[in-house]
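Novice: let's see this in three dimensions:
(2 chains)
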Amino acid sequence: MSDGSSFYITTPIFYVNDVPHIGHAYTEVAADVLARWHRQSGDDAWLLTGTDEHGQKILRTATANGVTPKAWADRLVETAWKPLLKTVDIQNDDFIRTTDVRHEVNAQKFLQHLFDAGHIYTGEYEGYYCVGCEEYKQPSDLVDGTGEFEGQPVCAIHSKPVELLHEKNYFFRMSTFTQQLLDLYESNPNFVQPESARNEVISFVKQGLSDLSISRSSFDWGIKVPWDESHVVYVWFDALLNYITAVGYGQDDEEFARRWPATHVVGKDILRFHAVIWPAMLLAAGLPVPTQVFGHGWLLVGGEKMSKSKLTGIAPSQITETFGSDAFRYYFMRAISFGQDGSFSWEDLSARYQSELANGFGNLASRVIAMVVRYCDGEIPTAGEFSQADELIRGTERRATAAAMGAVDRLAIHEAIAAVWELVDELNGYITSQEPWALAKDPAQRDRLDAVLFTAVRGLGTLAVLLSPVVPRATARLWTALGGVGDVADQRIDQAWEWTGGTHVSPLEALFPRIEATVG
RNA sequence: GGGGCGGUAGCUCAGCUGGUUAGAGCAGCGGACUCAUAAUCCGUCGGUCGCGGGUUCAAGUCCCGCCCGCCCUACCA
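Specialist: Prediction:
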């Protein structure tokens, strides 16, 4: 990093029929923080997100709502998904929809290419089909029937008999890539991370892969198979291709060469699609595999995986309306080790907001600026002679920056924030021990007072730069109050302590005001 | 059935290739201070490291067995 090299990062694309919850926002924020961080490091960063809009379920709900599937998807994109990005301040560089022409056309090119290269064959899919679920069932999804269905296999969900159906399908010869994938995992341990995710993927692939049915003919809401328009492409095969069609695959070679390959951030529930099927597709097409597939953990509410059915699904706006988007971003990035499951609770959110954001960072900003206003008429003092305590703070600025940079390289976002927070804590301690209010009472201590406030302001500005990717709103306000030059989001984060600012501070409303009301 | 991850202070979690009296933050308690969002700073209380064996001079940290939670995977009858 830091050399202008490409950093292309993606989130999964939202299945438009889902209802947005904090799990979606969590993935987005993580990818956004990484993208912002790299942008501020001088890298050629690019964040892609978007929507997945094909498939039978969407066709069905659209029909039920009396509109075309495209109109249905349009509505959901505008009313649910784009607003979600705004709710948590995602700064995406692109938003791809699988119904975009650029996606459909180039996904077809990809498919045709695989077909021409002999990676696709015509086969017969035979399986048990549940009309209630409208999908094929694995034997493990079936149970023995009881009562009038005694002796027949029935769907575990609907308890009704399933039908044995045959369908002509096109198959992707994924099985031939088993060994190549294993070699990939072996030679590039970082390809799938964290370790736990990597282990799962390897053990799955070691069992051997079967070929993948990639077309459906029972409905038509999807991308047409180019050589047989009676079939549409299987939704996952379609969806995964967004990562390359969005950056010019098939139509803009220069852009594609500039961006690809990507780092994929995904929830661990869809890890396999990204760490197995997707690289197999790319290998077949002769394209570079992703840089990395990172499977993050789940959000646990009350010790259980958050889910709509258990009524634990929480809309991001429920949190941001009370605490703000910065607090949302900070909380989930700080409190959860990225890659592991993490517990969410209103109590924890509330406690961290109060102690870390309001009392720690926010109050630090308030007290420093208030003293510069009070003791120096708002003029930021110039540096005189520095004491050891001052030098220690300067040292911490550098150390925290370096530690955070290293952590972000490993996608350890939580560690990066923890490293930066050492500066927050040290600055608060520094101010208390240096007692600028006492120095201000003695004219003979003027130089010392100036040095202390100068150091405190420097540290605060460094914090603004370092925390900008995580809490962009608060740091933008702080930056303005400190008279920082330009936009804080444009400051080099790898040299955060070298920020430049003006001569005066301006008043600052509480960065993270106390929240008195009980929530939850 | 096979495999993975987790089970450490009230809560959320660190503890790498085994090594001084097991750590942090928050909460609690006591004190200091007043620039600040009743904030900050200092001190303090608090743990049979899931259970039982074993290896070792030494184990939260390795080995075996078991229990609990979650997940992946396979599937007998």
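
Novice: can you get me a residue count around the residue nearest to A:Pro288 when sequence neighbours are not counted?
Specialist: Counting by C-beta to C-beta, 6 or more residues apart in numbering, the nearest residue to A:Pro288 once its immediate chain neighbours are dropped is A:Pro261, at 4.7 Å. Every C-beta, even on glycine, is put in place using the N, C-alpha and C of the backbone. A count of nearby residues for A:Pro261, using other C-beta atoms under 10 Å, gives 18.

Novice: for A:Pro261, list the residues it contacts.
Specialist: Contacts for A:Pro261 (C-beta atoms under 8 Å, 6 or more residues apart in numbering) come out as A:8, A:288-291.

Novice: mind putting these in JSON lines, pLDDT and distance to RNA strand B included?
Specialist: Listed next are the contacts of A:Pro261 as JSON lines, based on pLDDT from 0 to 100; distance: C-beta to the nearest atom of the strand, whole Å:
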{"residue": "A:Tyr8", "pLDDT": "97", "distance to RNA strand B": "27"}
{"residue": "A:Pro288", "pLDDT": "97", "distance to RNA strand B": "26"}
{"residue": "A:Val289", "pLDDT": "96", "distance to RNA strand B": "21"}
{"residue": "A:Pro290", "pLDDT": "96", "distance to RNA strand B": "20"}
{"residue": "A:Thr291", "pLDDT": "95", "distance to RNA strand B": "23"}
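
Novice: and the stretch 151-300 of chain A, which of its residues are near RNA strand B?
Specialist: By the criterion of C-beta under 7 Å from any atom of the strand, the positions of the stretch 151-300 of chain A lying close to RNA strand B are A:195-196, A:199-200, A:203-204, A:207, A:268-269, A:272.

Novice: which among those count as buried?
Specialist: The neighbour count (16 or more other C-beta atoms under 10 Å) marks A:200, A:268, A:272 as buried among those.

Novice: what about the closest residue to the second one other than its chain neighbours, distance to A:Leu364?
Specialist: On the basis of C-beta to C-beta, 6+ apart, the spatially nearest residue to A:Lys268 that is not a chain neighbour turns out to be A:Gly295, at 4.0 Å. In this structure, A:Gly295 and A:Leu364 are separated by 36 Å, where distance is defined by C-beta to C-beta, to the nearest Å.

Novice: next one: A:Asn65
Specialist: Taking C-beta to C-beta as the measure, A:Asn65 falls 51 Å from A:Leu364.

Novice: of these two, which one has the most company?
Specialist: Set A:Asn65 next to A:Leu364 and count neighbours by other C-beta under 10 Å: A:Leu364 wins out with 23 against 12.

Novice: A helix includes A:Tyr128, no?
Specialist: No. Judged by DSSP: H, G, I helix; E, B strand; the rest coil, A:Tyr128 forms no part of a helix; its state is strand.

Novice: give me phi/psi at the closest residue to it other than its chain neighbours?
Specialist: Distances taken as C-beta to C-beta, 6+ apart place A:Val162 nearest to A:Tyr128, at 4.0 Å, with adjacent residues excluded. Dihedral pair for A:Val162: phi -100, psi 160, per degrees, to the nearest 10.

Novice: number of nearby residues for A:Val162?
Specialist: Neighbours of A:Val162 under the rule other C-beta under 10 Å: 23.

Novice: tell me how far it lies from RNA strand B.
Specialist: 15 Å (C-beta to the nearest atom of the strand, to the nearest Å).

Novice: next: A:Pro316.
Specialist: Here A:Pro316 is placed at a distance of 20 Å from RNA strand B (C-beta to the nearest atom of the strand).

Novice: that residue - how many residues pack around it?
Specialist: 23.

Novice: how about it, nearest residue that isn't a chain neighbour?
Specialist: A:Ala25 (4.1 Å).

Novice: residue contacts, that neighbour?
Specialist: Counting by C-beta under 8 Å, 6+ apart, the residues that A:Ala25 touches are A:84, A:87-88, A:316, A:328, A:332.

Novice: is the strand or helix carrying it up against RNA strand B anywhere?
Specialist: Secondary structure from DSSP states H and E places A:Ala25 in helix A:22-40. No. Counting by C-beta under 7 Å from any atom of the strand, RNA strand B is not contacted by helix A:22-40; separation bottoms out at 13.8 Å.

Novice: residues near the closest residue to A:Pro279 other than its chain neighbours, how many?
Specialist: The shortest distance from A:Pro279 to any non-neighbouring residue, by C-beta to C-beta, 6+ apart, is to A:Val289 (4.4 Å). The number of residues packed near A:Val289 is 19, by other C-beta under 10 Å.

Novice: one more: A:Glu186?
Specialist: A:Glu186: 10 surrounding residues under other C-beta under 10 Å.

Novice: check A:Leu59 too.
Specialist: A:Leu59 has 17 neighbours, counted by other C-beta under 10 Å.

Novice: who's in contact with it?
Specialist: Contacts for A:Leu59 (C-beta under 8 Å, 6+ apart) come out as A:69, A:219, A:221.

Novice: now do the contacts for the second one.
Specialist: Each residue near A:Phe219 by C-beta under 8 Å, 6+ apart is listed here: A:56, A:59, A:232.

Novice: so what's the first one closest to, chain neighbours aside?
Specialist: By the measure of C-beta to C-beta, 6+ apart, the closest residue to A:Gln56 outside its immediate chain neighbours is A:Phe219, 4.9 Å from it.

Novice: one step back: my guess is the residue nearest to A:Lys268 contacts A:Phe191, does it?
Specialist: No. The pair A:Gly295 / A:Phe191 is not scored as a contact, 11.5 Å apart, by C-beta atoms under 8 Å.

Novice: CSV for the contacts of A:Phe219, including pLDDT and secondary structure?
Specialist: Output for these, formatted as CSV (pLDDT from 0 to 100; DSSP: H, G, I helix; E, B strand; the rest coil):
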residue, pLDDT, secondary structure
A:Gln56, 88, helix
A:Leu59, 93, helix
A:Val232, 95, strand
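
Novice: which one of those residues is nearest A:Gly127?
Specialist: Using C-beta to C-beta, A:Gln56 comes nearest to A:Gly127 of the contacts of A:Phe219, at 15.3 Å.

Novice: A:Val19 in helix, strand or coil?
Specialist: A:Val19 ends up coil, using three-state DSSP.

Novice: output whatever helix or strand the residue nearest to A:Lys268 lives in as PDB, nothing but the C-alphas.
Specialist: Assigned by DSSP H and E, A:Gly295 falls within strand A:292-296. Only the C-alpha atoms of strand A:292-296 are listed here, as PDB (Å, rounded to 0.1, in the frame of the first residue of the first chain):
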ATOM      1  CA  GLN A 292      -8.400 -12.400  -1.100                       C
ATOM      2  CA  VAL A 293     -11.700 -13.700   0.100                       C
ATOM      3  CA  PHE A 294     -12.300 -12.600   3.700                       C
ATOM      4  CA  GLY A 295     -15.200 -14.200   5.500                       C
ATOM      5  CA  HIS A 296     -16.400 -12.200   8.500                       C
END
